Each structure stands twice: as C-alpha cells, then as structure tokens.
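Enquirer: give the three-dimensional model of this entry:
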Amino acid sequence: MMAPVQSTGLPFGGLITIIFWVLLISLVVGLLVHLFDNRETRDENNEEIEDSDSALEIIKKRYARGEITKKEFLEMKKDVA
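Expert: Alright, predicted model coming up:
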C-alpha cells in the first residue's frame with residue numbers, strides 16, 4: 001500500500017491565493033476606472049476647467065481672452081451674481 005502524498009504548499013496557500021486574485025482584480029478595475037474617468041470638463045478652446053472655477057471666474061477668463069465684449073461680460077456678471 002502506498003503512503004498518502006503530503007502537500008508541500010504553504011499552510012495558508014488557499015487564503016493567499018484568494019487574497020492575490022482579489023488584489024489583482026481590484027488593481028485592474030481601479031486602473032480602468034482611472035483611465036475612463038470622464039469627469040474633467042473642457043471649454044471651447046479644449047482647455048480643462050477646474051472644478052473650483054466658479055461661473056464668475058470662467059466669465060473673467062473668457063473676457064481676458066477676448067472671447068466676449070465688455071458689454072457681454074457685464075451682462076453675464078449680473079446674471080451669475
């Protein structure tokens with residue numbers, strides 16, 4: 001009769017394998033979410049608008065670039081205030 005074959009793996013081999021796969025899948029999902037995150041907003045000139053920019057700051061930038069006239073700036077400023 002043959003003696004039973006003993007496992008040569010680590011005592012917690014199954015648990016380590018599960019933790020490894022959970023971490024690997026989490027890393028892949030996190031990477032995909034980061035790559036396809038569409039929360040950034042861009043204006044007409046394809047410049048990124050920061051979340052902290054208020055409407056008034058955006059109007060000021062457009063006026064400074066010459067995209068709107070002084071009259072338009074004052075009307076828009078009155079509207080957002």
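Enquirer: where do the helices sit along the chain?
Expert: Secondary structure of the chain (DSSP state H): helices at 13-35, 55-64, 70-80.
Enquirer: list the residues that contact Gly14.
Expert: The contact partners of Gly14, taken as C-beta atoms under 8 Å, 6 or more residues apart in numbering, number zero. Where C-beta positions appear, they are placed from N, C-alpha and C, glycine not excepted.
Enquirer: distance of it from Trp21?
Expert: 11 Å (C-beta to C-beta, to the nearest Å).
Enquirer: what about the protein, any weak spots by pLDDT?
Expert: In the predicted model of the chain, residues 1-11, 38-53 satisfy pLDDT under 70.
Enquirer: and the helices of the chain, which is most packed in?
Expert: helix 55-64 (a mean of 14; mean count of other C-beta atoms under 10 Å).
Enquirer: and that one with helix 70-80, angle?
Expert: 180 degrees (axes from the mean of the first three to the mean of the last three C-alpha atoms, to 10 degrees).
Enquirer: mind exporting the C-alpha coordinates of helix 55-64 to PDB?
Expert: What follows is helix 55-64, C-alpha atoms only, in PDB (Å, rounded to 0.1, in the frame of the first residue of the first chain):
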ATOM      1  CA  ALA A  55     -19.100  80.900 -13.100                       C
ATOM      2  CA  LEU A  56     -17.700  84.400 -12.500                       C
ATOM      3  CA  GLU A  57     -14.100  83.100 -12.800                       C
ATOM      4  CA  ILE A  58     -14.900  81.400 -16.100                       C
ATOM      5  CA  ILE A  59     -16.500  84.700 -17.400                       C
ATOM      6  CA  LYS A  60     -13.400  86.600 -16.300                       C
ATOM      7  CA  LYS A  61     -11.200  84.200 -18.200                       C
ATOM      8  CA  ARG A  62     -13.300  84.500 -21.400                       C
ATOM      9  CA  TYR A  63     -13.200  88.300 -21.200                       C
ATOM     10  CA  ALA A  64      -9.500  88.300 -20.600                       C
END
